[in-house]
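In: just to be clear, the model below is a prediction. Sequence and coordinates:
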Amino acid sequence: MSEAVACTVEHGCITCGDVAVEVRVIMVDSASELATGSDETGLATEVDTMLVGPVKPGDRLLVHAGTAIARVGPEDSS
């Protein structure tokens, strides 16, 4: 019998195999609760922001499977 593996930073998500990544918001479409953000490599991606509430350019989000699941660090005041 194999040992169950929980979702951890080392293993990623047991359901989809993905890991959460930090994304910086570039543009926001408030009406659709979607934002465009870029990761540390500069790759742009569409992010659903419904779970974290309103965001603005410059905000840093933790994103898993295209959905922002948390804010990272203090919000920018600029």
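Out: Cool, got the structure. Numbers count the residues shown, from 1 in each chain.
In: for the residue nearest the centre of the chain, give me its contacts.
Out: Central residue of the chain (Cα atoms, centre = their mean): residue 63, 1.4 Å from the mean position. Contact analysis of residue 63 by Cβ atoms under 8 Å, 6 or more residues apart in numbering lists 20, 21, 22, 23, 37, 45, 47, 69. Every residue, glycine included, has its C-beta placed from N, CA and C.
In: looking at those, which are in strands?
Out: 21, 22, 23, 37, 45, 47, 69 (DSSP state E).
In: farthest pair in these?
Out: 45 and 69 (14.1 Å; Cβ to Cβ).
In: just checking, residue 59 touches residue 25?
Out: Yes. Taking contacts as Cβ atoms under 8 Å, residue 59 lies within contact range of residue 25: 4.6 Å.
In: show me where pLDDT drops low in this structure?
Out: 1-18, 74-78 (pLDDT under 70).
In: could you pull out the helices for it?
Out: Taking DSSP state H, the chain contains no helices at all.
In: quick one: residue 44 and residue 25 touch, right?
Out: No. With contacts counted by Cβ under 8 Å, residue 44 stays clear of residue 25, the gap being 10.9 Å.
In: which of these two has more neighbours?
Out: residue 25 (20 against 12; other Cβ atoms under 10 Å).
In: my guess is that one contacts residue 56, does it?
Out: Yes. Counting by Cβ under 8 Å, residue 56 is a contact partner of residue 25 at 6.7 Å.
In: against residue 32, how distant is residue 41?
Out: For residue 41, the distance to residue 32 equals 25 Å [Cβ to Cβ, to the nearest Å].
In: who has more neighbours, those two?
Out: residue 32 (11 against 6).
In: now do the contacts for that one.
Out: With Cβ under 8 Å, 6+ apart, residue 32 has no contacts at all.
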